[in-house]
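Colleague: Turn this into a structure:
(one chain, ligands or ions: 1)
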Amino acid sequence: MADISDRRQGVYHGLELEEGEQRRIRQWDAVQGLLQDAWHTAPAFRKRLENAGMFAEDLRSWDAFGRIPVLRKKNLIALQRLGPRLGGLLTVDLGALRRLYFSPGPIADPEGLGRNYWGWAEAFFAAGFRRGDLVQMTFGYHLTPAGLMLEEPLRELECAVIPAGPGNTAQQVEIMTAWPVTGFVGMASFLRIIRDRAVAQGFDPRADFHLQTAFVAAERLTEGLREEMEQSFGMTLRQGYGTADLGCVAYECFHLGGMHVSSRCLVEICDPQSGMPLPEGEVGEVVVTPFNPVYPLIRFATGDLSRLVTAPCPCGRTSSKLAGILGRADDTAKVKGQFIYPHQVGQVMADYPAVRRWQVRVTNPKGKDRLSLVLELSEPVDVDALRNAFQEQLKLRPELQVLSSGQSLAPDVPALLDERSYD
Ligand SMILES: [Zn+2]
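Modeller: Numbering: from 1, shown residues only. Below is the predicted model:
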């Protein structure tokens, strides 16, 4: 079995070490091939271009590519029902797939043939899974792709899988303490439930479990929970980012600091409204083009917000990293040309512990945008300094509205409330 230092070294394949120019050329070739194929074999893509007055032969530069209207996840539900082959989004007949799953929506998630179809093998290698691991898989196997999708990389890496599925906490504990289970795949919050149950039964997670590595996904992972699980079990826990439509998009390496973008797709950070790419380093919506000829979701807008980090990583992988998922694109508003992102407001407020709750409100009395920051304080703060810090971070100057003692914001108010009307 792999020891700890093996688990932290190496890469799954050479594409992870490509230098920048080489990667850009490979991506462009992949994108060109995808565009030509999709134009001829995916009528839904052709229609998307034609509706925008574009033709495949126009798409000869990255600039032109960035003008292709994005495909929004919420539109898939209706689009997939418009005709055969999932409304022309799919390039093969349904019967030629390996599997067809259904996500809530309901959205059909096709799985084509071929090895490592969902592309998670490099992510699992980066998380430290190695040949010979015995892995407990706690994602679901019915209808949803999660369980089988994340089993695929374990087969590629020659690990053995216990298809436990979700729930049944007592049995999960029983298996993981009775057998040499070295890997866990599932949600970090579920691993905590397993840990708590085990502790309540008198087990010592370090001595009685054998976990060395865990791969988690499907929910926001806090650093606190990561540390807690790593400490409890004496192991490494890494997360991946992807969707049931796209498969793997990005994943953490041993050195953390964000999630390396997978070699199997193109990731753009875009203006959540226009879908156009933003300058490097800015926060925007994650738009993904997986190099998948079976289901060419070209410029698929995930609705998740992030930014790209391009600083070199000590692991040697040369791809940029997504700086975590910073929020949802639906939770933004554009005011005077600037997007307001609640997580950025949260960063400012973190320096003011006296701010008990806050809310950003956008209104437009007489057609003019007005930005207000409502503050509920436990004690007085320097409001001018706070307003300056807000302006520094968000490039917008808010009107402050400090609630008097006795007034309070409801615990569940949205961080950002856009009350503008355009009638
Ligand atoms: Zn790295």
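Colleague: neighbours around the closest residue to the ion within the stretch 51-200 of the chain, how many?
Modeller: Taking CB to the ion, the ion has its nearest neighbour within the stretch 51-200 of the chain at residue 126, 7.3 Å off. Any C-beta I mention is one placed from the backbone N, CA and C, and that applies to glycine too. In terms of burial, residue 126 registers 27 neighbours under the definition other CB atoms under 10 Å.
Colleague: Look up phi and psi at it.
Modeller: Note on residue 126: its backbone torsions stand at phi -60, psi -30 [degrees, to the nearest 10].
Colleague: so what's whichever residue of the stretch 151-300 of the chain sits closest to the ion up against?
Modeller: Among the residues of the stretch 151-300 of the chain, residue 253 lies closest to the ion, at 3.3 Å counting by CB to the ion. If a contact means CB atoms under 8 Å, 6 or more residues apart in numbering, then residue 253 has 126, 238, 260, 313, 315, 317 as its contacts.
Colleague: closest to residue 72 among these?
Modeller: Closest approach to residue 72 among these (CB to CB): residue 260, at 25.5 Å.
Colleague: follow-up on the earlier one: buried among the contacts of residue 253? Need that as a selection in PyMOL.
Modeller: Under the burial definition 16 or more other CB atoms under 10 Å, those of the contacts of residue 253 that qualify are selected in PyMOL by:
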select buried, resi 126+238+260+313+315+317
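Colleague: Residue 239 touches residue 252, doesn't it?
Modeller: Yes - with contact defined as CB atoms under 8 Å, residue 239 and residue 252 form a contacting pair (5.6 Å).
Colleague: Tabulate the contacts of residue 253 (TSV), appending secondary structure.
Modeller: Rendered in TSV, the data for those read as follows (DSSP: H, G, I helix; E, B strand; the rest coil):
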residue	secondary structure
126	helix
238	strand
260	strand
313	coil
315	coil
317	coil
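Colleague: Kindly reformat the contacts of residue 253 as JSON lines containing pLDDT.
Modeller: Formatted as JSON lines, the contacts of residue 253 follow (pLDDT from 0 to 100):
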{"residue": "126", "pLDDT": "98"}
{"residue": "238", "pLDDT": "98"}
{"residue": "260", "pLDDT": "98"}
{"residue": "313", "pLDDT": "97"}
{"residue": "315", "pLDDT": "96"}
{"residue": "317", "pLDDT": "97"}
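Colleague: How many residues are close by residue 81?
Modeller: Burial of residue 81, expressed as a neighbour count using other CB under 10 Å, amounts to 10.
Colleague: make that residue 380, sorry
Modeller: Residue 380, neighbours per other CB under 10 Å, totals 8.
Colleague: Leaving out chain neighbours, which residue sits closest to residue 307?
Modeller: The shortest distance from residue 307 to any non-neighbouring residue, by CB to CB, 6 or more residues apart in numbering, is to residue 283 (4.6 Å).
Colleague: if we can go back for a sec, can you pull the pLDDT of the residue of the stretch 151-300 of the chain closest to the ion?
Modeller: Each residue has a pLDDT score; the one for residue 253 is 98.
Colleague: Next, it: secondary structure please.
Modeller: Three-state secondary structure (criterion: three-state DSSP) places residue 253 in coil.
Colleague: Residues contacting the helix or strand hosting residue 100, please?
Modeller: Under DSSP states H and E, the secondary-structure element containing residue 100 is strand 99-103. By CB under 8 Å, 6+ apart, the list of residues contacting strand 99-103 from outside reads 94, 108-111, 143-145, 148, 244-245.
Colleague: The helix or strand following that strand: how far from the chain's middle?
Modeller: Sequence-wise, the next helix or strand beyond strand 99-103 is strand 107-111, with elements assigned using DSSP H and E. Strand 107-111 has its average C-alpha position 18 Å from the chain's average C-alpha position, going by CA atoms, centre = their mean, to the nearest Å.
Colleague: Neighbouring strands - and their directions - for strand 107-111?
Modeller: With DSSP bridges as the criterion, the sheet partners recorded for strand 107-111 are strand 99-103 (antiparallel).
Colleague: Quick check: buried residues in the strand it pairs with?
Modeller: Neighbour-count burial for strand 99-103 [16+ other CB under 10 Å]: 101, 103.
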